[in-house]
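Trainee: Need a 3D model of the following:
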Amino acid sequence: MDTVFQADVTLLSAVVGVFLPILVGIVTKELASGGLKATVLALFAAISGLITGAVQAGGAFTQEAVVAGFISWVIAVSTYYGYWKPTGTAAKVADATSAVGVGSEASNSV
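Mentor: You can find the predicted model right below:
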């Protein structure tokens, strides 16, 4: 018997939201300001919502896409402060990717 798994926008947003803080850690430098990191996280969550909403709605910008982006953002912030930061994963990602990313004072001085 074949089992078909069908994910909805909410589930996709939740799964993506768990890993958005790690993506922000890779894209931004360790010394980046909290404001820059928060802005990048909000941008990634909005993009995630638009993509997952477009997948479900066949490419249309719908209310579900906005809700999906908000869900991704809430879950991303929650998992960062509830899991990634306390376990030290966020710091390890920042250390491992310190040579890449935007937002460092050192990268602005040549």
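
Trainee: C-alpha only now, for contacts and for neighbours.
Mentor: Noted.

Trainee: Identify the residue spatially nearest to the spatially most central residue of the chain, adjacent ones excluded.
Mentor: Nearest residue to the geometric centre of the chain (Cα atoms, centre = their mean): Leu20, 2.1 Å. Spatial nearest neighbour of Leu20, chain neighbours left out: Ala76 (5.8 Å); criterion: Cα to Cα, 6 or more residues apart in numbering.

Trainee: Would you mind checking the average pLDDT for whichever strand or helix holds the one you found?
Mentor: Per DSSP states H and E, Ala76 falls inside helix 63-79. For helix 63-79, the mean pLDDT works out to 86.

Trainee: likewise stretch 23-37?
Mentor: Mean predicted lDDT for stretch 23-37 stands at 84.

Trainee: which residues touch Ile75?
Mentor: Residues counted as contacts of Ile75 (Cα atoms under 8 Å, 6 or more residues apart in numbering) are Ala14, Gly17, Val18.

Trainee: 6 Å - rerun?
Mentor: Applying Cα atoms under 6 Å, 6 or more residues apart in numbering to Ile75 gives the contacts Gly17.

Trainee: again, but for Gly101
Mentor: Gly101 touches Val27, Thr28, Lys29, counting by Cα under 6 Å, 6+ apart.

Trainee: Any idea how far the helix of greatest length in the chain is from the middle of the chain?
Mentor: Across the chain, the helix with the greatest residue count (assigned by DSSP state H) is helix 34-57. Helix 34-57 has its C-alpha centroid displaced from the chain centroid by 7 Å (Cα atoms, centre = their mean, to the nearest Å).

Trainee: now the angle from it to helix 63-79?
Mentor: 140 degrees (axes from the mean of the first three to the mean of the last three Cα atoms, to 10 degrees).

Trainee: Now helix 34-57: buried residues?
Mentor: In terms of neighbour count (16 or more other Cα atoms under 10 Å), helix 34-57 has its buried residues at 37, 40-42, 44-54, 56.

Trainee: Looking at those, spot the one nearest Ala96.
Mentor: Nearest to Ala96 among these is Lys37, at 16.9 Å by Cα to Cα.
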